[in-house]
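**Student:** Please find the sequence and the predicted model below.
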Amino acid sequence: MRTLFVIGTASSGKSTLTSALVDWLRENEQTVATVNLDPAAITLPYEPDVDIREMVDYERIMAVRGVGPNSALIYSVREVARNVDVLVEEIKDLNVDYLIVDTPGQMEIFAFRKEGVVITRALTTERGAILYLLDPILSYTPRTFASSMFLAASVYLRFVMPMIIIVTKTDVVPRKYLLRISRWLSSQEAYEIDLDRRGGGVTLLMAKEVAKAVSEIRAFVPHVLVSSKAMEGLSALHMAITRTFGEGEDELR
Ligand SMILES: Nc1nc2c(ncn2[C@@H]2O[C@H](COP(=O)(O)OP(=O)(O)OP(=O)(O)O)[C@@H](O)[C@H]2O)c(=O)[nH]1
Ligand SMILES: [Mg+2]
């Protein structure tokens, strides 16, 4: 079983991609199960096979502990990590090709706390990879691109697992922005040329240094462009996944 962890900033399209990827994989004769790790999700665009909302009551935690929504998320994820054996037991018998794990909207709660790593390790029964969602709305200027890549690199450092960057929502973002992001993802040099064209300035120089510092990530992390709404780019994503796991593309059949 290959476990895919869908991670990204709030509203980057994690749950929608989970749903789209499930549909695509099933249409292509792969067996798939899903895990919802977001205790605060009210509705989801897919039917999770394993759901942490059955393990923890986020609203109750907020009321009983008298804490705000983010602290309640932290307590919820902590409780799940403490009882991770229950999750493992649930996924053990699924017997599918792919397990897709949708993570909480507040990325830092899952990505920057040890509970996230504990849960990730436990759910990776054989091979695992991170699908890191890059929201193009937050990445099409030199400055926002640098900070988005910094975040992606932070997640990469945290989990030490193969990663694929997915530029999401491509159906709603102007093509010129997508081409630009794709060019920058492919080459630090291209990014620097575009950045230099905009002149100097302290923050642009800083952006260049940040992007350079994390540019190594490109050697290890492929990227694909996907629209979950238009169901575009999913075949390229599947190819990137099979390559990441070192499998041939004939794996599909
Ligand atoms: N047009 C378009 N909208 C999308 C796409 N993917 C997601 N969205 C929209 O973006 C919004 C957020 O999508 P979600 O899938 O809920 O994002 P998320 O990352 O799971 O959000 P949180 O869990 O709340 O952080 C929703 O309104 C989606 O309909 C896409 O490919 N195209
Ligand atoms: Mg979500």
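**Tutor:** Yep, it's here. Numbering: from 1, shown residues only. Ligands and ions are numbered 1, 2, ... in the order given.
**Student:** Spatially nearest residue to D102 (excluding sequence neighbours)?
**Tutor:** With CB to CB, 6 or more residues apart in numbering as the criterion, D102 has its nearest non-adjacent residue at 4.4 Å, and that residue is T18. All C-beta spots, glycine's among them, are computed from the backbone N, C-alpha and C.
**Student:** Look up how far ligand 2 lies from that neighbour.
**Tutor:** When distance is defined by CB to the ion, to the nearest Å, T18 is 8 Å away from ligand 2.
**Student:** residues contacting that residue?
**Tutor:** Listed by CB atoms under 8 Å, 6 or more residues apart in numbering, the contact set of T18 reads V6, T34, P45, Y46, I100, D102.
**Student:** Now do the same for the residue in the stretch 51-200 of the chain positioned nearest to ligand 2: helix, strand or coil?
**Tutor:** Of the residues in the stretch 51-200 of the chain, the one nearest ligand 2 is G105, at a distance of 5.4 Å by CB to the ion. When states are read from DSSP: H, G, I helix; E, B strand; the rest coil, the local structure at G105 comes out as coil.
**Student:** Just to check, it is in contact with I7?
**Tutor:** No: the criterion here is CB atoms under 8 Å, and G105 misses it with I7 at 10.8 Å.
**Student:** Quick one: residues contacting M107.
**Tutor:** Contacts for M107 (CB under 8 Å, 6+ apart) come out as I7, G8, T9, A10, L151, V155.
**Student:** Now the residue nearest to D102: which helix or strand?
**Tutor:** Secondary-structure assignment from DSSP states H and E places T18 in helix 14-27.
**Student:** higher neighbour count, G105 and I7?
**Tutor:** Summary of the neighbour comparison: G105 and I7, criterion other CB atoms under 10 Å, with I7 having more neighbours (26 against 18).
**Student:** is the more buried one in a bridge, and if so with what?
**Tutor:** According to DSSP bridges, the residues that bridge with I7 are Y132.
**Student:** quick one: pLDDT of it?
**Tutor:** The predicted local confidence for I7 comes out at a pLDDT of 97.
**Student:** Ok, the one 3 residues further on next?
**Tutor:** Looking at A10, its pLDDT reads 93.
**Student:** any idea how far it is from G66?
**Tutor:** Using CB to CB, to the nearest Å, one obtains 24 Å as the distance from A10 to G66.
**Student:** Now do the phi/psi pair for H223.
**Tutor:** Main-chain torsions, H223, degrees, to the nearest 10: phi -130, psi 150.
**Student:** ok, the nearest residue to it once chain neighbours are set aside - contacts?
**Tutor:** With CB to CB, 6+ apart as the criterion, H223 has its nearest non-adjacent residue at 4.1 Å, and that residue is I165. Shown here is I165, whose contacts under the criterion CB under 8 Å, 6+ apart are Y132, L134, A152, L185, V221, P222, H223, V224.
**Student:** got it, and L237?
**Tutor:** For L237, the contact set (CB under 8 Å, 6+ apart) comprises L21, L131, I164, I166, V224, V226.
**Student:** one more time with 7 Å
**Tutor:** Contacts for L237 were tallied using CB atoms under 7 Å, 6 or more residues apart in numbering; they are I166, V224, V226.
**Student:** would the second one count as being in a helix?
**Tutor:** No: the assignment for V224 (three-state DSSP) gives strand, which keeps it out of a helix.
**Student:** What's the first helix or strand after the helix holding T18?
**Tutor:** strand 32-36.
**Student:** So which of the contacts of I165 is surrounded by the most neighbours?
**Tutor:** Within the contacts of I165, Y132 tops the neighbour count with 27 neighbours, counted by other CB under 10 Å.
**Student:** Any residues of the stretch 1-150 of the chain in contact with ligand 1? List them.
**Tutor:** On the criterion CB under 6 Å from any ligand atom, ligand 1 has as its neighbours in the stretch 1-150 of the chain the residues G8, A10, S11, S12, G13, K14, S15, T16, D38, G105.
**Student:** and which of the contacts of M107 is nearest E126?
**Tutor:** Of all the contacts of M107, the one sitting nearest E126 is I7; the distance, using CB to CB, is 19.3 Å.
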